[in-house]
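Student: A predicted structure for the sequence below; I have some questions about it.
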Amino acid sequence: MVALKPFLETSVEYLKGVGPVRAEALRTELQIETFGDLLTHFPFRYVDRSKMYRIADIHDENTFIQLRARVIKTKLIGSPRSQRMVVSVEDESGQIDLVWFQGVKWMADKFANGQEWIIFGKPQLFNGQWNIPHPEVEPPEKEPLPISSIIQPIYSSTEKLKSKGLDYKGIGKLVKTLLLHEKFGIAENLTPGILERLRLMGRADAFLNIHFPRSPELLEKAQVRLKFEELFFIQLRLLKQRINRLQKNEGHVFATVGAYLNDFYHKYLTFELTVAQKKVIREIRADMGSGKQMNRLLQGDVGSGKTMVALMCMLIALDNKYQACMMAPTEILANQHFGNISRMLAGLDVEVRLLTGSTKQAERKEIIQLLETEQQTILIGTHALIEENVQFRNLGLVVIDEQHRFGVAQRAALWEKNQKTPHVLVMTATPIPRTLAMTLYGDLDSSVIDELPPGRKPIITKHVYDRDHYKVYNFLKQKIHQGSQVYIVYPLIEESETLDLKNLTEGYQTVVKEFPPPGFKAGMIHGRMKQQQKDAEMKRFLEKETQILVSTTVIEVGVDVPEASVMVIENADRFGLSQLHQLRGRVGRGSSQSYCILMTPGELGNDARTRITTMLRTNDGFEIAETDLRLRGPGDLQGTQQSGILNLRVADIIKDEKILKFARNIASDILNEDPGLRLEKNAILAKHIVHIDERQQNWGLIS
Ligand code: ADP
Ligand code: MG
């Protein structure tokens, strides 16, 4: 078995049938460089070759089908240099053309009229007619198909690879060559205990059956086995990272709750905390008192009171003679946090400071000095907080708001500011579906605020077609007369920023025409404006100088305008579900009834309809996140792309939720018993983890 690893790491060039040209194409087109890469280039689907299609039933470009049909005529078309051969075939239901652009001469004599063939390929629509380019053809078997070729694997390929003879068949052939190679072998990487507990197929068997299944049942077992393996090792590594972190990173011990928190709680907190807020504060306090460094994700819908929780945790830090900071993704948001927190802490003797890109040099200097001397400081800001020259004397807690906008590197940079890593609380208002959280943030602890403060009126959400725009305008006028403020949001429609701006500007002009001054006042805000302009426009809206704010999604994150009670989203069909929900969260912050109006032009596509109906049905961020994940797949969710964690080869985080849970539970059981994976029986797992680490550096650097 010693020779095994080098074997799978052999360059694919040396496989029989590859050579330098194809190797280069495999590398650039499919990132297949080694035997191992080829082995894990799994079929993306399978075709049951025991099933025959009827020609009349063809209706889809994207599926492989198999026909049994007779040749009626054969034609050569075009000049000898660009010749194609068209073979018309028929079955009892209809006719279709088979077309070859290559190998024409060699094929020309193959098809006699009246002869029957089994035809296998992917139909395409050309000039309104179905045809099948370059199908695979075989004479009908007298005998039934041998069992091993009933399920045909289909591999992804590209035009370039096809031009080098590597279509799905060509690739399948290479895989077969590899599997039959005399030195080929695959070592098991799961323990007998796991294999027995879940009755999993052995690894070597699974690789054989995922490429060339001997039966549908064996294919399924092979897939389950490989999916489990994939998810299991992700979980094992995440949970182990967590254990390592806890062992390695001693945490500041926040042992007491002192005057700051008590004063605030008793004298200045004007409302009762929700049960969920209390629970979360308990969880965080336990972490911060444990002597281990906290690394916790706090999820809660917009307006659920996360910031309040964060504030109280920062006060605990201060009570223990530490500093705390809070980092927001935008300047507007940092300003707002600063405003709110300063106001709430006005009666307490706490130094609260704001540091952003627009902080003046003199003030910046003063803040930096303050951080080096004054212990009980709360610093709020943007990325500016993690600039090199900002040094904390004694940073105990870092709160990161709306984390998905921050990269991993930025989070790491913050940590290095102290000898002892501060506690970290990451807050997000974009709920992450559980399965995704388990994978993406599997090494973080997680808290959820799952209720809104009492007395909030649920936002009324309506869907209106563009032809009824005037009704919406009338409604808005009525609401504005009653003292409400209104957001009107436009989507990014074109790839080009200029065109988007044009779209927004036109929208703004329509709004101004419909809502003329001096009775009405509208403002506009978009991503290309300078920060100062944006802030000024936002301020006008906050101070009720304008009643209507026309904007792009720049308002999506965070700013709180209590009197804004109507959100109109134009072309709502163009927004993602989570984004719609985030936008809706901008209203419903005051005491009056709030509305969210989703405008769309005519007919809706299926996905758009699902998004709109989901918005109409529920206000629950978690339910919305789950639906969003189903609609879009994990790759499109914010923050998942960069992590690389979700480059799963066989498993599917949505469909394989059950396997994922098994994988996590088993990984957790194993590590509970053997945190360092030092027991002899777990050696095989430890070894495989090292192997993955070697191959995928920077993998899973989520914290
Ligand atoms: P989030 O950060 O989760 O969006 P915030 O902490 O900003 O939510 O809270 C939203 C609003 O609700 C704020 O005005 C805040 O003062 C208020 N709030 C927070 N917790 C409560 C509570 N338990 N009861 C009443 N109001 C609350
Ligand atoms: Mg918030």
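Tutor: Good, I have the coordinates. Ligands and ions are numbered 1, 2, ... in the order given.

Student: Which strands or helices does the strand or helix carrying residue 341 pack on?
Tutor: Assessed by DSSP states H and E, residue 341 sits inside helix 331-344. Taking 3 or more Cβ pairs under 8 Å, 6 or more residues apart in numbering; DSSP states H and E as contact, the helices and strands that helix 331-344 lies on are helix 306-319, strand 323-327, strand 351-355, strand 377-381, helix 531-542. Using the backbone N, CA and C atoms, a C-beta is placed for each residue, glycine as well.

Student: Identify each buried residue in it, please.
Tutor: Neighbour-count burial for helix 331-344 flags 331, 332, 333, 334, 335, 336, 337, 338, 341, 344 (criterion: 16 or more other Cβ atoms under 10 Å).

Student: and what of stretch 14-22?
Tutor: Under the neighbour-count criterion of 16+ other Cβ under 10 Å, stretch 14-22 has 15, 18, 22 buried.

Student: any idea how far the second one lies from ligand 1?
Tutor: For residue 18, the distance to ligand 1 equals 56 Å [Cβ to the nearest ligand atom, to the nearest Å].

Student: Wait, that residue touches residue 12, no?
Tutor: Yes - under the criterion of Cβ atoms under 8 Å, residue 18 makes contact with residue 12 at 5.6 Å.

Student: Can you pull the residues that touch both of the two?
Tutor: Common neighbours of residue 18 and residue 12 (criterion: Cβ atoms under 8 Å, 6 or more residues apart in numbering): 26, 174.

Student: now the end-to-end length of stretch 610-628.
Tutor: 10 Å (Cα to Cα, to the nearest Å).

Student: does ligand 1 sit close to that stretch?
Tutor: No - using Cβ under 6 Å from any ligand atom, stretch 610-628 never reaches ligand 1; the gap is at least 10.4 Å.

Student: Quick check: residues of this protein near ligand 1?
Tutor: So far as Cβ under 6 Å from any ligand atom goes, the chain lies against ligand 1 at 271, 273-274, 277, 300, 302-308, 429, 453.

Student: at 5 Å instead, please
Tutor: Residues of the chain lying near ligand 1 by Cβ under 5 Å from any ligand atom: 271, 273, 274, 302, 303, 304, 305, 306, 307, 308, 453.

Student: out of those residues, who has the most neighbours?
Tutor: Ranked by the number of neighbours (other Cβ atoms under 10 Å), the residues of the chain next to ligand 1 place residue 304 first, at 26 neighbours.

Student: quick one: contacts for the residue of the stretch 101-250 of the chain found nearest ligand 1?
Tutor: At 25.5 Å from ligand 1, residue 242 is the closest residue in the stretch 101-250 of the chain, using Cβ to the nearest ligand atom. Residues near residue 242 by Cβ under 8 Å, 6+ apart: 295, 442, 443, 444.

Student: Count the neighbours of residue 362 for me.
Tutor: Residues near residue 362, counting by other Cβ under 10 Å, number 8.

Student: Could I get the pLDDT score of it?
Tutor: For residue 362, the model assigns a pLDDT of 94.

Student: so what secondary structure elements neighbour the strand or helix carrying it?
Tutor: Residue 362 belongs to helix 361-373 when assigned by DSSP H and E. In this structure, helix 361-373 makes packing contacts with strand 351-355, strand 377-381, judged by 3+ Cβ pairs under 8 Å, 6+ apart.

Student: orientation of the first one relative to helix 306-319 in degrees?
Tutor: Strand 351-355 and helix 306-319 are oriented at 120 degrees to each other (axes from the mean of the first three to the mean of the last three Cα atoms, to 10 degrees).

Student: which other residues reach strand 351-355?
Tutor: With Cβ under 8 Å, 6+ apart as the contact definition, strand 351-355 has outside contacts at 334-335, 338, 341-342, 345, 364, 367, 370, 374, 376-382, 384-385, 390.

Student: ChimeraX command to pick out the buried ones of the residues you listed?
Tutor: Burial among the contacts of strand 351-355 is assessed by 16+ other Cβ under 10 Å; the matching ChimeraX selection reads:
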select :334,335,338,341,345,364,367,376,377,378,379,380,381,382,384,385,390
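
Student: I'd say residue 27 and residue 21 touch.
Tutor: No - Residue 27 sits out of contact with residue 21 when judged by Cβ under 8 Å, with a separation of 11.0 Å.

Student: quick one: the strands in the stretch 401-550 of the chain?
Tutor: Along the stretch 401-550 of the chain, counting by DSSP state E, counting those that start in this stretch, strands occupy 423-428, 445-449, 460-465, 485-489, 522-525, 548-551.

Student: now the ones you listed in a markdown table, with mean neighbour count, mean pLDDT and distance to residue 262?
Tutor: What follows is these, written out as a markdown table (neighbours: other Cβ atoms under 10 Å; pLDDT from 0 to 100; distance: least, Cβ to Cβ, whole Å):
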| stretch | mean neighbour count | mean pLDDT | distance to residue 262 |
| --- | --- | --- | --- |
| strand 423-428 | 24 | 88 | 20 |
| strand 445-449 | 19 | 88 | 22 |
| strand 460-465 | 16 | 96 | 40 |
| strand 485-489 | 24 | 95 | 37 |
| strand 522-525 | 21 | 92 | 41 |
| strand 548-551 | 26 | 93 | 40 |
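
Student: C-terminal to the lowest-mean-pLDDT helix or strand in the chain, what's the next element?
Tutor: Least confident helix or strand of the chain, by mean pLDDT, DSSP states H and E, is helix 640-643 with a mean of 44. On the C-terminal side of helix 640-643, the closest following helix or strand by DSSP H and E is helix 657-673.

Student: before we move on, which element is residue 590 in?
Tutor: Going by DSSP H and E, residue 590 is not in any helix or strand.

Student: For it, which non-adjacent residue is spatially closest?
Tutor: residue 562 (3.8 Å; Cβ to Cβ, 6 or more residues apart in numbering).

Student: now residue 598
Tutor: Nearest residue to residue 598, sequence neighbours excluded (Cβ to Cβ, 6+ apart): residue 572, at 3.8 Å.
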